[in-house]
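Novice: generate coordinates for the sequence data below:
(3 chains)
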Amino acid sequence: MINLIIAIVIGVLILIMAIIAVHHKNIVVGIIAAGVVSLFASILYLLLAAPDVAMTEAAIGSGLSTIIFFYVLNKIKRQNG
Amino acid sequence: MVNTLLFISAIIILLAILLTFYRFIKGPTAPDRLVAFDVMTVSSLALIGLIAKFSSRIIYLDVAIVYGLLSFLGVIIVSRYFERGL
Amino acid sequence: MGNILEIIGAVLVLLGSVFLFLGALGLVRMPDLYNRIQAGTKASTLGTFLTLFGLLLIIPEWWGKLVLLMTFILITNPVSSHVLARAAHYIKIPLTDKTVADLLNKEETTYKVNEEIKNE
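Specialist: Numbering: from 1, shown residues only, chains lettered A, B, ... in the order given. Here you go, the predicted model:
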């Protein structure tokens, strides 16, 4: 019962956050929203009783891809300015 | 008794996550949204602890540890990018 | 005996979730970025700590990972809020109108403090 309520709320939040990540003008906000999508998806995997997939999703989606996005953004800024 | 109280606590934590989500949508600047991200991840860390209690499996707490580490790393990276570039 | 301990733990979990809710409410209602950092991060640190401590009282066999998680939150959450506030001040996010002193911004601060001393 409580698992169903948590899954519905987290799923709706993932949808709205993905729309923000695609359509926002500021690119930093888009990257943060992509990180939030990945962290909430890890909770959803946890509710489906797959803790190993949840750990991998949190590590790669939120940690590694955020670092790579900001590294590339910094390089692009330095080349243009 | 105990399970009812934990059920009510999980509902209150979900309401808190919804409120921080409102700040994430509305916040005027990028650091506002970063604060909302921080509070959201810490609240959902408590939620993961409650899910581990409901399912009574200790392996879920490992996910909570990794989750806290990565949310801390994300906040540090973004604020370092704001301050002087990564 | 174990039953009483479980009920105390459940009440602590409820108290922690109420603290998390109040922190989120402060995040919505405060007028300024720095006030939002103050309200949100402190209340959410205490709320998560109380929730995990209540879980520790309910299930005492999980003490290892729960104590590790509590120590981790108690160390890292103030650090992240401090770094965030410093970066926000560095890129000049505007303060609210009711601010009295800004100790990181040297010139304005000395001016305001001197004026207050003269008035008294």
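Novice: closest to the centroid, which residue in chain B?
Specialist: Nearest to the geometric centre of chain B sits B:Thr41, at 1.7 Å (C-alpha atoms, centre = their mean).
Novice: to clarify, my last question referred to chain C.
Specialist: C:Lys42 (0.9 Å).
Novice: would you agree that one is in contact with C:Leu22?
Specialist: No - between C:Lys42 and C:Leu22 there is no contact under C-beta atoms under 8 Å: 10.5 Å. The C-beta positions use only the backbone N, C-alpha and C, and glycine is treated the same way.
Novice: alpha carbons of the helix or strand containing A:Ala54, as PDB, please.
Specialist: Under the criterion of DSSP states H and E, A:Ala54 resides in helix A:51-57. C-alpha atoms of helix A:51-57 as PDB (Å, rounded to 0.1, in the frame of the first residue of the first chain):
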ATOM      1  CA  PRO A  51      19.200  -2.700  -4.800                       C
ATOM      2  CA  ASP A  52      22.200  -3.400  -7.100                       C
ATOM      3  CA  VAL A  53      20.500  -1.600 -10.100                       C
ATOM      4  CA  ALA A  54      19.600   1.300  -7.800                       C
ATOM      5  CA  MET A  55      23.200   1.700  -6.600                       C
ATOM      6  CA  THR A  56      24.500   1.600 -10.100                       C
ATOM      7  CA  GLU A  57      21.900   4.100 -11.300                       C
END
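Novice: and the next helix or strand past that helix?
Specialist: Next along from helix A:51-57, by DSSP H and E: helix A:65-80.
Novice: before we move on, the earlier item: any part of the helix holding A:Ala54 near chain B?
Specialist: Yes - against chain B, helix A:51-57 shows contacts by C-beta under 8 Å from any C-beta of the partner chain at A:Pro51, A:Ala54, A:Met55.
Novice: top of these by neighbour count?
Specialist: Of all these, A:Ala54 has the most neighbours under the rule other C-beta atoms under 10 Å in any protein chain shown, reaching 26 neighbours.
Novice: wouldn't that residue be in contact with A:Ile43 here?
Specialist: Yes - in this structure, A:Ala54 is within contact of A:Ile43 by C-beta under 8 Å, at 7.5 Å.
Novice: contacting residues around the residue nearest to the centre of chain C?
Specialist: Applying C-beta atoms under 8 Å, 6 or more residues apart in numbering or on different chains, we find C:Lys42 in contact with C:Gly23, C:Ser81.
Novice: checking it next. Helix, strand or coil?
Specialist: Classification of C:Lys42 using DSSP: H, G, I helix; E, B strand; the rest coil returns helix.
Novice: go on, C:Val100?
Specialist: Three-state assignment for C:Val100 (three-state DSSP): coil.
Novice: quick check: phi and psi at it.
Specialist: phi -90, psi -50 (degrees, to the nearest 10).
Novice: before we move on, the earlier item: report pLDDT for the residue nearest to the centre of chain B.
Specialist: Looking at B:Thr41, its pLDDT reads 90.
Novice: what sits closest to A:Pro34 if chain neighbours are left out?
Specialist: Quick fix: residue A:34 is Ala, not Pro. Excluding the flanking residues, the one nearest A:Ala34 by C-beta to C-beta, 6 or more residues apart in numbering or on different chains is A:Ala21, at 4.8 Å.
Novice: element containing that neighbour, please.
Specialist: Using DSSP H and E, A:Ala21 maps to helix A:2-23.
Novice: what inclination does the helix or strand just after that helix have with respect to helix A:2-23?
Specialist: The helix or strand immediately downstream of helix A:2-23 is helix A:27-47, counting by DSSP H and E. The directions of helix A:27-47 and helix A:2-23 differ by 160 degrees, with axes from the mean of the first three to the mean of the last three C-alpha atoms, to 10 degrees as the criterion.
Novice: chain center to helix A:27-47, what's the gap?
Specialist: 2 Å (C-alpha atoms, centre = their mean, to the nearest Å).
Novice: list the contacts of stretch A:66-81.
Specialist: A:Ile27, A:Val28, A:Ile31, A:Ala34, A:Gly35, B:Gly74, B:Ile77, B:Val78, B:Tyr81, B:Gly85, B:Leu86.
Novice: can you rerun that using 10 Å?
Specialist: With C-beta atoms under 10 Å, 6 or more residues apart in numbering or on different chains as the test, stretch A:66-81 has contacts from A:27-28, A:30-32, A:34-35, A:38, B:70, B:73-74, B:77-78, B:80-81, B:84-86.
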